[in-house]
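> Sequence first, predicted coordinates after that:
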Amino acid sequence: MILEQYYIECLSHASYLIGDESTGTAIVVDPRRDVDGYLEDAQRYSLKIVGVVNTHFHADFVSGHLELRDATDAWIAFGESAETEYPIKRLTHGERISLGEVDIEVLSTPGHTWESISLLIRENAGAIPTAVLTGDSLFIGDVGRPDLANLGEGSNTDLAQAMYRTIHNVLLALPDSVTVMPAHGAGSSCGKNMSDQLTSTIGEQRRTNPSVAPMSEDSFVDMITDGQPSVPPYFATDVALNKSARTLLDPARVVPELSVENLRAEISSGTAILDARSVEDFAAGHLAGTVNVGFDGRFAETGGMVAEIGDRIVVITYPGEQQEAAKRLARIGSDNVIGFVNADGTFPAELSDLVQAAPRTTVSELAQLLAGDAVTLVDIRNPGEREFGTIAGAVSIPLAQLRSRIDELPTDRPVVVHCAGGWRSSVAASLLRAQGLPHVSDLAGGYNAWLAA
């Protein structure tokens, strides 16, 4: 048996290749859109990819099932209740997928979504299970949130109750030795307390995961419907894309470099300009109207919070990072990156009239502003983060909601935004300035710096 995990930090997303050396066949589970890695490993192992299984309709990225079907003629499968615009196999609870000796048992595990499934893997049909691919049902340290089927319209008690049964009647009924391999890790918006570990075991989760500890169904429902991260606005679009016969990713597309004249034209026309440089370099000097979404953070997901899927986008990157930036945005369905500009240190002299510094507020400066009631402080952290402490008087608007709630902020007094450490607040402050709000800065070091002081 061959079992490979592929993990991308930018989306906290794990996908898998399962292969059988005896027959040379394989399937891919929960693939991303750029599928070269799966194809290269299949060739390295002398495997033919015959199928693609999605454990559910993903909301945080566009799955690569159509790209793999195009490259390999593989079938595509989902859980039994899935409905799509393209032909699929509908997998039922207890159904087996045989790759030869390697045996894969389908487990119906609703809760995150209704069509959610997990895959129980054995080296042969009579063996003790080796691993379970849990999708977004059981995470390391958490369970999947139940409200994404409604895409942020409120908690879904029915799904939460289904998740309770999934965890206690299906997944925790597996042997303690079974390796748990989920579809997401720490940082994903698909849960709230995920570990940065990429694998675990059923036994370890039984002992250490607070979300699967013995409790009543009502207590479980209350726990997993409270404090979840705000839903990024592009999630609904990505679910629709994953159900549709959408356009395939073109792996050969090269994003062109823009001239100064073309860049000015894009800025004037309102094109979204994402500056992927560090917070420090952006603060030192950036082009007016650009939004700082640093490449060193959750670039793709955050890009989906500040620009609509389908918007024209220009990326400003360090030299050599522009194609990777476009690829990461394409993973969430933003295929319309129309050009790039490299910036390493200073911008071209022809753009000097557009270059400005980003104001940042220190902890001591914020304390003085708050004491004089001379500022609106906006906390852009997620609800679960605020449980560990807040700055008195701060207005809570999570980053994922900021673009749609700008009208709630005053224009006649300074606005300071803060997150935990200062990365997201640079995104938020630059977004507000790009949307026309004057006198906006962010708290250097974020809540962590405030707490330390």
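Looks like it arrived, so ask away. Numbers count the residues shown, from 1 in each chain.

> Could you look up the SS state of G389?
With DSSP: H, G, I helix; E, B strand; the rest coil as the basis, G389 sits in coil.

> ranges for the strands of the stretch 201-350 of the chain?
Assigned by DSSP state E, counting those that start in this stretch, the strands in the stretch 201-350 of the chain fall at 272-275, 286-287, 291-292, 313-317, 337-342.

> Can you pull the poorly scored residue ranges out of the protein?
Counting by pLDDT under 70, the low-confidence segments of the chain come to 150-155.

> Any chance you could list what contacts the longest helix anywhere in it?
Determined from DSSP state H, the single longest helix within the chain is helix 423-434. Outside of helix 423-434, the residues that reach it under the criterion C-beta atoms under 8 Å, 6 or more residues apart in numbering are 275, 279, 282-283, 286, 289-294, 296-297, 302, 305-306, 358-359, 378, 380-381, 399, 402-403, 406, 409, 415, 417-419, 440-443, 446. The way it works is simple: take the backbone N, C-alpha and C, and place the C-beta from them, glycine included.

> Quick check: next helix or strand after the strand or helix carrying R165?
Under the criterion DSSP states H and E, the helix or strand holding R165 is helix 157-165. Moving toward the C-terminus from helix 157-165, the next helix or strand (DSSP H and E) is strand 179-182.

> hang on, E257 packs against I338?
No: E257 sits out of contact with I338 when judged by C-beta atoms under 8 Å, with a separation of 11.2 Å.

> neighbour-wise, which of those two wins?
For E257 versus I338, neighbours defined as other C-beta atoms under 10 Å are more numerous around I338 (16 against 12).

> thinking again about what came up before, with L351 as the reference, name the closest of the strands of the stretch 201-350 of the chain.
Each of the strands of the stretch 201-350 of the chain has some distance to L351 by C-beta to C-beta; the shortest is strand 286-287, at 6.4 Å.

> Show me which residues of the helix holding R165 are buried.
159-164 (16 or more other C-beta atoms under 10 Å).

> could I have that helix exported to CSV, CA atoms only?
Presented in CSV, the C-alpha positions along helix 157-165 are these (Å, rounded to 0.1, in the frame of the first residue of the first chain):
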residue,chain,number,x,y,z
THR,A,157,-28.5,22.0,15.0
ASP,A,158,-29.5,19.1,12.8
LEU,A,159,-26.0,18.9,11.4
ALA,A,160,-24.4,19.3,14.8
GLN,A,161,-26.5,16.4,16.1
ALA,A,162,-25.4,14.3,13.1
MET,A,163,-21.8,15.1,13.9
TYR,A,164,-22.3,13.9,17.4
ARG,A,165,-23.5,10.6,16.1
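
> what does it rub up against?
Defining contact as C-beta under 8 Å, 6+ apart, one finds that helix 157-165 is touched by 110-114, 137, 143-144, 146-147, 149, 217, 220-221, 224-225.

> quick one: that helix to chain centroid distance?
Its chain's C-alpha centre and that of helix 157-165 lie 23 Å apart, by C-alpha atoms, centre = their mean, to the nearest Å.

> ok, now stretch 37-50?
Averaging C-alpha positions (C-alpha atoms, centre = their mean) puts stretch 37-50 26 Å from its chain's average.

> Show residues contacting it.
2, 4, 6, 15, 17, 19-21, 24-28, 31, 64, 68, 71-72, 74-75, 99.

> In it, which residues are buried?
Applying a neighbour-count criterion of 16+ other C-beta under 10 Å, the buried positions in stretch 37-50 are 37-39, 41-42, 47, 49-50.

> Buried only: go through the contacts of helix 423-434 for me.
Among those, those buried by neighbour count (16+ other C-beta under 10 Å) are 275, 279, 282-283, 286, 289-294, 297, 302, 305-306, 358, 378, 380-381, 399, 402-403, 409, 415, 417-419, 440-443, 446.

> Among those residues, which lie within helices?
With helices taken from DSSP H, the overlap with the buried ones among the contacts of helix 423-434 comprises 279, 282-283, 302, 305-306, 399, 402, 446.

> which of those residues sit farthest apart?
Taking every pair in these and measuring C-beta to C-beta, the maximum separation is 19.9 Å, between A283 and M305.
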